[in-house]
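Trainee: Sequence and predicted structure are below.
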Amino acid sequence: MNLSAAIYAIRWLVRDTFRQARASGITWVMLAVSGVCILFCLSVSVHGQLSLEHGDGPAEFLPANDPQADPEKAARAGVDVAGAEMTMAFGAVRLPLARDGRDGVRFIQLVLAAGVADALGVLLALIWTAGFLPTFLEPGAASVLLAKPAPRWSLLAGKYLGVLAFVGCQALVFVGGTWAALGLRTGVWDMAYLLCVPLLLLHFAVFFSFSALLAVCTRSTVVCVIGSLLFWLVCWGMNYGRHLVAAVPDVQQVPGSLTWLVEGGYWVLPKPADLGLILFDALDAGHHFGKGVALQNVQARGDFHPELSILSSLVFTVAMLYVAGRQFVTTDY
Amino acid sequence: MSATAVAEFEGVSKVYRVGLLRRSPVQAVADVTFRVEAGEVFGLLGPNRAGKTTLVKLLLALCRPTAGRVTRLGRPADDAATLARVGYVHENPAFPRYWDAAGLLEYYGAMTLLDEPTVRRRAGELLQRVGLSDRCREPINGFSKGMVQRLALAQALLNDPDLLVLDEPAEGLDLLGRRLVHEVIGERRKQGRTVILVSHALSDVAALCDRVAVLVGGRLNFLGPLASLTAGARPLEQAVQELYAGAVA
C-alpha cells in the first residue's frame, strides 16, 4: 500500500463527506447562516470620515443627531461633535458613530468573529458534524469499506480531513463573505479579520479530534455530541481557571496542589479560551471590549504564550487522532 | 498448505468480549479447521449464531482470531494487499444513502484502489448486469431492499475478484434477483474463481455449492459435498436439521 493510493482513498472520503453534509442539510443551514451575516454586512454603510484620536485618553464626543444637544455650543466648549454615522439594515437603523469608520467596521467584525463564528459557530459545527463519523462507522457500512484494500488508518484520516475541509470551506465563506461585503460597503479592507479562518479551523479541529475518538470507541452520535460539548466546557473551565489562579496577586493564597493541578490540566488539555484570546488580540478588540482582569493580569505577567497554546493544542489533536486510529485499527467489526 | 487454497482456517477460535466493561466472553467460533480450494463454490451453513458470519469476518480481517491462523489467497488474513482481489457482499448492507448508484460504485472502486477509468467502465457494465442502469443517477435513499442488494452485488464484483464472499446475497431479492445471484455464481465457477456462499436457503446451497461446511455452536459439524448427506435416500432438509441439532454426520 503506497502513499499515493492512500491519498487517492482519502480524496474520495473527503468527497464523500461533502456529499454527506449536503444530503443532511448541514451545508445549506451553514450557508444560510453565512448568507444572513453577509446580507447584514451588505446592509451596513458608514457616512462621514470623523476620526476621534485622543491619544490614550477616552474620546469625549457628542453625537450630532442628539436632539437635546447643541452641537455649536459643544464645539465652542472643546467637545468633539461626531458627525459620522453608521447605518444598518439598508438605512433602517442609524447609529451615531463614536469612532472612525474603520473602528466601527472592526467592531462589527469582532462581533461576527468572536460571537457568531468562534463561540456559537464552532459549537454548532461540532454538534452538526458529530454524527458523520458514527454513521460512517456503522457495522453495515464500515464492514464493506474495511473489506477493501485501503488501510484502516486512511479511512479514519480521510473522514476526519473531510469534515475539516467542509468546516474550513464554510469558515472561508463566512469570514471571506462578510469581509468582502463590509469592504465593498465601507471601503475598509481589514486583513487581520481573515486570520479568523485558520483560528476557527484550529479550534474546531482540536475538539473534533476528541469527537472522533468518541465515535471510534462508541459509534454513537449522542455520545459524540454530549461528550464533545462537555469536554469543551471542561477545557474552557480549566483554561480560564488556570489564568485565574495564575493571576492571583499573592501566589501563597493558592494551595500548591491546586496550582499544579490547573497548570498540568492547562498544558495537557486544549485551550479554547486562549484561542479566543488570540483572536481577540488579532482583531485588536481591546478598543471595544474589556478583556477581563484575570486575562489582563496573565498577559501583563507574561504567563500567556500564544505560540505554546497553539502548539500544545495541536499536540493534543495529534494524540487524540493517534489513539482513535489505534482503536479503529484494532476494533472488531 | 497447497498453492491452490484460497482460504484456510487452522484451529481458529474467536471469543468476543461483550458487556459494559467487555468482561463477558462469548465463544463465536471454536477450533475450526478447513480450507477452500481455488475454483470452488463453497457453502457455509448453520443455524443462527453458529459462527458463519464470524468466519467470514475473520477471513476478511474485519476481526482477529483469538487463536489459530487464517490465510486468504495464500497470505495471512491481516495482509490488506490481497483484499484487492476479494469481493464482499455484507449480510445487511448499509450503504451511504446520499450517493446515487453510479457514484457509490465509483466511491467503492476508489476504496478498492482501482483507477478511475476502470471503475467508470466496470460500474456501467455492472449496473447493466444487475438491472439498475436505468436508476443509476437516483439517490440510493429511494431504493428498495432488493435494489440495494443488487447494488451490493455490483460493488462486490467491481474488481472482478478471485474470491467472492457472499453473506446472504439473496436476502430481500425477488425471483429474478435470486436468478441473478445464481447466474453470477455460475459465471464465477466457469471462470475458475472461488465463491464462498453463506446462506440459510438450503435449495440455493444445494444447487450451487461443491462443498459445504456446517457450523453448529461455533464448531465445525460437517465438511464435504452436500450430496453425501443424502446418502440412503434421507431427505436433505432432514439431514441438515439433524446436523443443526448437533448430531454427528
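Mentor: Done, it's in. Residues are numbered from 1 along each chain as shown, chains lettered A, B, ... in the order given.

Trainee: Packing partners of the helix or strand containing A:Val323?
Mentor: Element membership for A:Val323 (DSSP states H and E) is helix A:306-330. Secondary-structure packing of helix A:306-330 (3 or more C-beta pairs under 8 Å, 6 or more residues apart in numbering or on different chains; DSSP states H and E): helix A:152-186, helix A:196-218, helix A:256-268, helix A:272-282. Backbone N, C-alpha and C define where each C-beta goes, glycine included.

Trainee: now, of those, which is deepest in the fold?
Mentor: Highest mean neighbour count among these (mean count of other C-beta atoms under 10 Å in any protein chain shown): helix A:196-218, with a mean of 23.

Trainee: Helix A:306-330 and that helix, what's the angle between them?
Mentor: Going by axes from the mean of the first three to the mean of the last three C-alpha atoms, to 10 degrees, helix A:196-218 is angled at 30 degrees with respect to helix A:306-330.

Trainee: Next SSE downstream of helix A:196-218?
Mentor: On the C-terminal side of helix A:196-218, the closest following helix or strand by DSSP H and E is helix A:221-247.

Trainee: Just give me how far that following helix sits from the chain centre.
Mentor: Centroid separation for helix A:221-247 versus its chain: 15 Å, with C-alpha atoms, centre = their mean, to the nearest Å.

Trainee: Same check on stretch A:85-98?
Mentor: 27 Å.

Trainee: Just the CA atoms of that stretch, as PDB, please.
Mentor: The C-alpha coordinates for stretch A:85-98 follow below in PDB (Å, rounded to 0.1, in the frame of the first residue of the first chain):
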ATOM      1  CA  GLU A  85     -23.000  57.700  11.200                       C
ATOM      2  CA  MET A  86     -23.300  54.000  10.700                       C
ATOM      3  CA  THR A  87     -26.400  52.700   9.100                       C
ATOM      4  CA  MET A  88     -27.600  49.100   9.200                       C
ATOM      5  CA  ALA A  89     -30.400  47.100   7.600                       C
ATOM      6  CA  PHE A  90     -30.100  49.400   4.500                       C
ATOM      7  CA  GLY A  91     -30.600  52.600   6.500                       C
ATOM      8  CA  ALA A  92     -33.400  51.400   8.700                       C
ATOM      9  CA  VAL A  93     -31.100  51.500  11.800                       C
ATOM     10  CA  ARG A  94     -29.000  54.600  12.200                       C
ATOM     11  CA  LEU A  95     -26.200  54.800  14.800                       C
ATOM     12  CA  PRO A  96     -24.100  57.900  15.600                       C
ATOM     13  CA  LEU A  97     -20.500  56.800  15.400                       C
ATOM     14  CA  ALA A  98     -18.300  57.400  18.300                       C
END
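
Trainee: mean confidence score for that stretch?
Mentor: Average pLDDT, stretch A:85-98: 79.

Trainee: re earlier: tell me the average confidence for the helix holding A:Val323?
Mentor: Mean pLDDT, computed over helix A:306-330, is 94.

Trainee: List the buried residues in that helix.
Mentor: Neighbour counts over helix A:306-330 (16 or more other C-beta atoms under 10 Å in any protein chain shown) mark A:Ser309, A:Ile310, A:Ser312, A:Ser313, A:Phe316, A:Thr317, A:Met320, A:Leu321, A:Val323, A:Ala324, A:Gly325, A:Phe328 as buried.

Trainee: same question, stretch B:155-164
Mentor: For stretch B:155-164, using 16+ other C-beta under 10 Å, the buried residues are B:Gln155, B:Ala156, B:Leu157, B:Leu158, B:Asn159, B:Pro161, B:Asp162, B:Leu163, B:Leu164.

Trainee: and what of stretch B:79-97?
Mentor: Buried residues in stretch B:79-97, counted by 16+ other C-beta under 10 Å: B:80, B:82-93, B:95-97.

Trainee: now swap in stretch B:65-78 and tell me
Mentor: For stretch B:65-78, by 16+ other C-beta under 10 Å, it's B:Pro65, B:Thr66, B:Gly68, B:Val70, B:Thr71, B:Arg72, B:Leu73, B:Gly74, B:Ala77.

Trainee: what sits against the third one?
Mentor: Contacts here follow C-beta atoms under 8 Å, 6 or more residues apart in numbering or on different chains; on that basis B:Gly68 touches B:Phe9, B:Glu10, B:Gly11, B:Val12, B:Ser13, B:Asp31, B:Val32, B:Thr33.

Trainee: next one: the second one
Mentor: When the contact criterion is C-beta under 8 Å, 6+ apart, the partners of B:Thr66 are B:Ser13, B:Lys14, B:Val15.

Trainee: so which of those comes closest to chain A?
Mentor: Ranked by distance to chain A (C-beta to the nearest C-beta), the contacts of B:Thr66 are led by B:Lys14 at 8.6 Å.

Trainee: My reading is that the closest one lies in a strand. Confirm?
Mentor: Yes. Counting by DSSP: H, G, I helix; E, B strand; the rest coil, B:Lys14 is located in a strand.

Trainee: can you pull the contacts of it?
Mentor: Contacts of B:Lys14 (C-beta under 8 Å, 6+ apart): B:Gln27, B:Ala28, B:Val29, B:Gly51, B:Thr54, B:Leu58, B:Cys63, B:Pro65, B:Thr66, B:Gly218.
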